[in-house]
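Colleague: Sharing a model that was predicted from the sequence below.
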Amino acid sequence: MVVQWSGDNPNSLAGLTLSNPGDLAISLGTSDTVFGVTDVPEPSLDGNILPNPVDPSTYMVMLCYKNGSLTREDIRDRYAEKSWDVFNNLLEQTDPLNGGKLGFYYKEHEILPPLPVGFHRYIVDTLTSGPLAETKERQKDEFDPPSEFPPVV
């Protein structure tokens, strides 16, 4: 006997009452997950498209990154004395948008999309001279401890 049922992410979509195309939710757990509703499924190798558990006329789209809470805990342990209180204190010391500092932290290979293992840090500069703003990025080996936290992806 085959019984169709739903998993934790589709049940979360239903429980959060996401119902309109374009509705999105982010779940920061052991894995970090972004999921939402679409009425135009566009299959690709970068994510998942599932039946919507509450509306058969739409679909659920989902990206799931396994480098979630365990990676955040590793960064916390390296830069915040293994303490969420220290982590939060350092987080409060950062400016909005983290002064253009952006980090992507992958302790393990991702499932979808395939991303490079390692800690990838960049400083993004926006130059506003001239008629159009120009953005340039510089790669960094490490940030100061407060800047390691936002955003952790």
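Modeller: It's in. Numbering: from 1, shown residues only.

Colleague: Tell me where the chain has helices.
Modeller: With DSSP state H as the criterion, the chain has helices at 8-15, 69-79, 84-92.

Colleague: Minimum distance to Pro113: which of those helices has it?
Modeller: helix 69-79 (16.4 Å; CB to CB). All C-beta atoms are positioned from the backbone trio N, CA, C, and that covers glycine.

Colleague: got the angle for that closest one vs helix 84-92?
Modeller: Going by axes from the mean of the first three to the mean of the last three CA atoms, to 10 degrees, helix 69-79 is angled at 80 degrees with respect to helix 84-92.

Colleague: packing partners for the longest strand along the chain?
Modeller: Ranked by residue count and defined by DSSP state E, the top strand of the chain is strand 118-127. Under the contact criterion of 3 or more CB pairs under 8 Å, 6 or more residues apart in numbering; DSSP states H and E, strand 118-127 touches strand 101-106, strand 134-140.

Colleague: List the buried residues for the first one?
Modeller: Residues of strand 101-106 classed as buried under the neighbour-count rule (16 or more other CB atoms under 10 Å) are 101-103, 105-106.

Colleague: How many residues are close by Thr125?
Modeller: Actually, residue 125 is Asp rather than Thr. 12 (other CB atoms under 10 Å).

Colleague: and what of Gly68?
Modeller: With neighbours defined by other CB under 10 Å, the count for Gly68 comes to 18.

Colleague: cool, and Pro146?
Modeller: Counted with other CB under 10 Å, Pro146 comes out at 20.

Colleague: Confirm for me that it is in contact with Asp95.
Modeller: No - using CB atoms under 8 Å, Pro146 is not in contact with Asp95; the gap is 9.4 Å.

Colleague: residues contacting Leu70?
Modeller: Listed by CB atoms under 8 Å, 6 or more residues apart in numbering, the contact set of Leu70 reads 30, 107.

Colleague: cool, Tyr79 as well?
Modeller: 87, 90, 145, 148-149.

Colleague: Please tell me how far it sits from Pro96.
Modeller: Tyr79 sits 20 Å away from Pro96, going by CB to CB, to the nearest Å.
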